[in-house]
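Undergrad: Below: sequence and its predicted model.
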Amino acid sequence: MVEITKQLDATDLRCPLPLLKAKKALNDMAEGEVLEVRATDPGSERDFKVFAQQSSHEMISFKKEADVFVYQLRKGA
């Protein structure tokens, strides 16, 4: 099980706000720490996948719980 360092509730926010808030949270974290983000905007799935591919951060988990998308991102270098 992954230890979550910080949680971000981005439910009810429209894109691109969930990703922007996640980027800000990651900037305040140390390398290797894990951010968990909860979002309800379906567009966030594409945004977070592309962000993880194009950044030094790793998406270590993605799941959908009812209408909530849950992302776990490990802070990269």
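TA: Nice, thanks for sending it over. Numbers count the residues shown, from 1 in each chain.
Undergrad: buried sites along stretch 46-57?
TA: For stretch 46-57, the neighbour count (16 or more other CB atoms under 10 Å) marks 47-48, 51-52, 57 as buried. The way it works is simple: take the backbone N, C-alpha and C, and place the C-beta from them, glycine included.
Undergrad: Show me where the chain has its helices.
TA: Secondary structure of the chain, counting by DSSP state H: helices at 17-27, 43-54.
Undergrad: the inter-axis angle of the last one versus helix 17-27?
TA: In this case it means helix 43-54. Compare the direction of helix 43-54 with that of helix 17-27 by axes from the mean of the first three to the mean of the last three CA atoms, to 10 degrees and you get 40 degrees.
Undergrad: Residues contacting helix 43-54, please?
TA: By CB atoms under 8 Å, 6 or more residues apart in numbering, the residues outside helix 43-54 that reach it are 10, 14-16, 18-19, 22-23, 37, 57-59, 62, 69, 71, 73.
Undergrad: Would you mind writing the PyMOL command to select the buried ones in those residues?
TA: Here is the PyMOL command that selects the buried residues among the contacts of helix 43-54 (16+ other CB under 10 Å):
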select buried, resi 10+15+18+19+22+37+57+69+71+73
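Undergrad: of all the contacts of helix 43-54, which two lie farthest apart?
TA: Taking CB to CB as the measure, the contacts of helix 43-54 reach their widest spread between Arg14 and Glu58, a distance of 25.5 Å.
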